[in-house]
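In: Pasting the sequence and the predicted model now:
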Amino acid sequence: MAGKTFLLIGGILLILLALVGWGVLLVQKPDILAKARLRYNQAVAQKKDLQNGPCLGKIADDWVLDIAHLPRQPLDDRPENQCADFREGRAHHFVEMSPQGEVIKVY
């Protein structure tokens, strides 16, 4: 019983986190939200494997879209699974989404 309650609370928290992420993005940069969603949908349509947390590239000037797990997994911290443009300073902001399309972080 306690395990089911824990899973339910965890699920609710994940949903709230995703909603807060979308809300923040909508208020701050509505065009970035649309571009991130478009790039994510294109990757899904192309059947791109998102499970390894790949970078989906530049979505606007100074912005990239990165896929990561929620909660983070060690493979999310591997340089090959992070956006080179961000790592190397060519982009200073990122949208991080889960493989399921949930916004995790906007930086």
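Out: Yes, it's here.
In: which residues touch the residue lying closest to residue 51 once chain neighbours are set aside?
Out: Leaving out its chain neighbours, the residue that sits closest to residue 51 by C-beta to C-beta, 6 or more residues apart in numbering is residue 99, at 5.6 Å. Placement of C-beta: from N, CA and C, glycine included. Under the criterion of C-beta atoms under 8 Å, 6 or more residues apart in numbering, the neighbours of residue 99 are 50-51, 53, 67, 69.
In: Now the phi/psi pair for residue 99, please.
Out: Residue 99 adopts backbone torsions of phi -60, psi -20, taken as degrees, to the nearest 10.
In: And for residue 44, the neighbour number?
Out: By the criterion of other C-beta atoms under 10 Å, residue 44 has 13 neighbours.
In: residues in contact with it?
Out: 50, 101.
In: what about it, helix or strand, and which?
Out: helix 30-45 (DSSP states H and E).
In: same deal with residue 12?
Out: helix 2-28.
In: re earlier: let me have the contacts of residue 99 in a markdown table, adding neighbour count and distance to residue 35 as columns.
Out: Shown next, in a markdown table, are the contacts of residue 99 (neighbours: other C-beta atoms under 10 Å; distance: C-beta to C-beta, whole Å):
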| residue | neighbour count | distance to residue 35 |
| --- | --- | --- |
| 50 | 19 | 17 |
| 51 | 11 | 23 |
| 53 | 21 | 19 |
| 67 | 27 | 15 |
| 69 | 18 | 22 |
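In: what is the mean pLDDT for the helix holding residue 12?
Out: Average pLDDT, helix 2-28: 61.
In: What's the local residue count around the nearest residue to residue 101 once chain neighbours are set aside?
Out: Closest residue to residue 101 apart from its sequence neighbours, by C-beta to C-beta, 6+ apart: residue 40 at 5.4 Å. Residues contacting residue 40 under the criterion other C-beta under 10 Å number 24.
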